[in-house]
Every structure is written in C-alpha cells, then in structure tokens.
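A.B. asks: could you work out the structure for the sequence below:
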Amino acid sequence: MTITASQEQWIKLQIQQGGFANDSEYLRHLIRLDKERNRNFLQTKADIQDGYDSGVSVRVRTVNEIMEFALSRQADRKKKQV
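C.D. replies: So this is what the prediction gives:
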C-alpha cells in the first residue's frame with residue numbers, strides 16, 4: 001500500500017501516543033471505524049426509505065414527540081447490536 005510521507009507521519013504519531021502497537025493495528029482500527037460508519041449510513045438510508053414508503057402520517061405529532069420516538073428507537077437498535 002502506498003501512502004504519502006504526511007500520512008506515514010500521522011500513523012507514527014498515533015503509535016507514539018500509545019494508541020496503537022504498530023501500523024497494522026492502526027489500519028485495522030480505521031477499517032473497523034469505516035465499516036461502522038458504513039453500517040450507520042446504510043441504516044439511515046433504509047430508515048429514510050421506510051419513511052418515504054410509509055406515506056404521510058394521519059396522526060399529528062409535535063416535533064418533540066417525533067424526536068423522543070426516534071431517540072427511543074435508536075437506543076433500542078443499539079441494545080440489539082450489543
């Protein structure tokens with residue numbers, strides 16, 4: 001894999017600061033983060049599609065009610081992932 005000198009310096013800095021034992025460990029960490037970010041993106045995309053597919057709600061709710069429901073749903077999903 002080819003990286004710039006600046007990128008190599010950054011990796012070495014991360015290792016020196018004690019966060020990682022070596023460059024491979026740091027790269028594995030970045031891959032895990034990227035996979036998690038991608039999972040979150042795909043879930044958000046699916047949630048948006050579900051919203052479009054469900055149509056217009058006949059029940060009138062306040063913004064606070066909608067936010068409370070969304071946060072509760074998000075917490076439930078996180079519990080299932082653990």
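A.B. asks: which other helices and strands contact the helix ranked longest in the chain?
C.D. replies: The longest helix of the chain (DSSP state H) is helix 23-54. For helix 23-54, the elements it packs on are helix 5-16, judged by 3 or more CB pairs under 8 Å, 6 or more residues apart in numbering; DSSP states H and E. For every residue, glycine as well, the C-beta is placed using N, CA and C.
A.B. asks: what lies in contact with the helix it packs on?
C.D. replies: Residues outside helix 5-16 that contact it (CB atoms under 8 Å, 6 or more residues apart in numbering): 3, 20-23, 26-27.
A.B. asks: in PyMOL, select just the buried ones from those residues.
C.D. replies: In PyMOL, a selection of the buried entries from the contacts of helix 5-16 looks like this (16 or more other CB atoms under 10 Å):
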select buried, resi 20+26
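A.B. asks: and the furthest pair within the contacts of helix 5-16?
C.D. replies: Comparing all pairs in those by CB to CB, the longest separation belongs to 3 and 21, at 18.4 Å.
A.B. asks: could you give the mean pLDDT of the helix or strand where residue 77 lies?
C.D. replies: Element membership for residue 77, per DSSP states H and E: helix 63-81. For helix 63-81, mean pLDDT is 92.
A.B. asks: could you check the angle that helix makes with helix 23-54?
C.D. replies: For helix 63-81 against helix 23-54, the angle by axes from the mean of the first three to the mean of the last three CA atoms, to 10 degrees is 130 degrees.
A.B. asks: could the contacts of helix 5-16 go into JSON lines alongside pLDDT?
C.D. replies: Formatted as JSON lines, these follow (pLDDT from 0 to 100):
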{"residue": "3", "pLDDT": "95"}
{"residue": "20", "pLDDT": "95"}
{"residue": "21", "pLDDT": "96"}
{"residue": "22", "pLDDT": "96"}
{"residue": "23", "pLDDT": "95"}
{"residue": "26", "pLDDT": "96"}
{"residue": "27", "pLDDT": "96"}
